[in-house]
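**Student:** Everything below, folded, please.
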Amino acid sequence: MDNLTWPEKTRELHNHHIDSSVWNDFAFRNDDIVIATYAKSGATWLQQIVGQLIFKGRPKVPVAQISPWVDLRVPPKEVKLAELEKQKHRRFVKTHLPVDALVFSPKAKYIYVGRDGRDIAWSLHNHHANASQLWYDLLNDTPGREGPPIERPSHSVRQYYYDWIESNGYPFWPFWENVRSWWQVRDLPNVLLVHFTDMKADLPGEIRRIAAFLEIPVKKENWDAILEHCGFDYMREHAAPIVAMGGAFWEGGAKTFLHKGENGRWRDVLSAEDNMAYRQRAEEELGPDCATWLLGER
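**Tutor:** Numbering: from 1, shown residues only. Okay, here's the model as predicted:
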């Protein structure tokens, strides 16, 4: 591993949500786990999986409390990093950054979750449209925000998708560069790519693949509990410990954040021309191999 070329941070990324400079002061440990995704791609699901593997199927693991989104602007980095430093268990945290805005450590293991951009947009619309006033106040009024505030969406999910895809992630952050950057480092020995579609199709198989990558042995007596607690129905029914602030940032609470966990809700809304345009854009931005992977195709 000493002969490998490791990614280097080349820029900072700031907006109403993100402050990438938090990573500059993160003190890595040899067994840290970093879960990376674009927004609404399965990060919370993967945090639940990793938490269940680490804690051997224990119910009600407080994932939201112990596994923070490191580059989120709130709470202040001094608070967030101090809490992480106190942790004695194997740490697992989340990022929504592209690789070049992240401090990348050979000590850590990185799991990146991909999801079709159309599915992301549909999930983002639910997330954004149902956010509580507390969510907007915290993101827009906390000191340190760079760029314009985030505002409530006022249009249909179809128009939301058009705006998001045509403006490369608006009003959140760029989509294509996020996927592209992680695809480019997929062959590093401490990087694993998983796909939302595969998690839906074969959750037991994907959990075992993730456990093997993280070098976490799974005892037979813990397997049934792990699998049950990582199912989407279980997560929705026990959402409060899994979702930030117990779901206070969304109207309807934590279940609104987890919502449906479904793919393909765009199929009856987007036209054949829309879908062809998306596929062409994905290939232009990502190249054919990455685009095929992102579409969930093999």
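
**Student:** and Val63, how many residues sit next to it?
**Tutor:** Counted with other Cβ atoms under 10 Å, residues neighbouring Val63 total 23. All C-beta atoms are positioned from the backbone trio N, CA, C, and that covers glycine.

**Student:** So it versus Val93, what's the distance?
**Tutor:** 11 Å (Cβ to Cβ, to the nearest Å).

**Student:** same thing with Gly117?
**Tutor:** To Val93, Gly117 is 24 Å away according to Cβ to Cβ.

**Student:** Now do the contacts for Gly147.
**Tutor:** Counting by Cβ atoms under 8 Å, 6 or more residues apart in numbering, Gly147 touches His14, Asn15, His16.

**Student:** Which of those residues has the largest number of neighbours?
**Tutor:** Counting by other Cβ under 10 Å, top hit in the contacts of Gly147: His16 with 20 neighbours.

**Student:** ok, that residue - contacts?
**Tutor:** By Cβ under 8 Å, 6+ apart, the contact set of His16 is Arg73, Leu139, Asn140, Arg145, Gly147, Pro148, Pro149, Ile150.

**Student:** residues near Tyr38, how many?
**Tutor:** Using other Cβ under 10 Å, Tyr38 has 27 other residues around it.

**Student:** Count the neighbours of Tyr162 for me.
**Tutor:** Using other Cβ under 10 Å: Tyr162 sits among 15 other residues.

**Student:** Surely it is in a strand?
**Tutor:** No - counting by DSSP: H, G, I helix; E, B strand; the rest coil, one finds Tyr162 to be helix, located in no strand.

**Student:** measure it to His155 for me?
**Tutor:** Counting by Cβ to Cβ, the gap from Tyr162 to His155 is 9 Å.

**Student:** From the rest of the structure, what touches stretch 88-97?
**Tutor:** With contacts defined as Cβ under 8 Å, 6+ apart, stretch 88-97 is touched by 13, 17-18, 20, 23, 29, 31-39, 43, 47, 50-51, 54-55, 66-71, 84, 102, 173, 178.

**Student:** do that again at 6 Å, thanks
**Tutor:** Here stretch 88-97 makes contact (Cβ atoms under 6 Å, 6 or more residues apart in numbering) with 20, 31-36, 39, 43, 50, 54, 67-71.

**Student:** Look up the residues forming beta bridges with Ala36.
**Tutor:** Thr95, Tyr112 (DSSP bridges).

**Student:** dump the residue contacts of it.
**Tutor:** Shown in contact with Ala36 (Cβ under 6 Å, 6+ apart): Thr95, Tyr110, Tyr112.

**Student:** Between those, which sits nearest Lys219?
**Tutor:** Ranked by distance to Lys219 (Cβ to Cβ), these are led by Tyr110 at 25.4 Å.

**Student:** Does the closest one lie in a helix or a strand, and which?
**Tutor:** Element membership for Tyr110, per DSSP states H and E: strand 109-114.

**Student:** quick one, the helix or strand following that strand and strand 109-114 angle?
**Tutor:** Downstream of strand 109-114, the first helix or strand assigned by DSSP H and E is helix 117-129. Per axes from the mean of the first three to the mean of the last three Cα atoms, to 10 degrees, the angle that helix 117-129 makes with strand 109-114 is 90 degrees.

**Student:** mean confidence for helix 117-129?
**Tutor:** Averaging pLDDT along helix 117-129 gives 91.

**Student:** Use 762 as the first number for this chain going forward.
**Tutor:** Noted, 762 is the first residue going forward, which turns the last one into helix 878-890.

**Student:** pull the longest helix from the chain.
**Tutor:** Across the chain, the helix with the greatest residue count (assigned by DSSP state H) is helix 1033-1047.

**Student:** got a list of contacts for that one?
**Tutor:** So helix 1033-1047 is in contact with Trp937, Arg941, Ala1052, going by Cβ under 6 Å, 6+ apart.

**Student:** Now do the last one: how many residues are near it, please.
**Tutor:** In other words, Ala1052. Using other Cβ under 10 Å, the number of residues around Ala1052 comes to 20.

**Student:** is it true that it lies in a strand?
**Tutor:** No - per three-state DSSP, Ala1052 lies outside any strand segment and is helix.

**Student:** so where do the strands sit in this protein?
**Tutor:** Taking DSSP state E, the strands of the chain run over residues 794-798, 853-856, 870-875, 952-956.

**Student:** would you turn these into CSV with distance to Asn1036 and mean pLDDT?
**Tutor:** CSV is the format used below for the strands of the chain (distance: least, Cβ to Cβ, whole Å; pLDDT from 0 to 100):
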stretch, distance to Asn1036, mean pLDDT
strand 794-798, 23, 98
strand 853-856, 30, 98
strand 870-875, 18, 98
strand 952-956, 19, 98
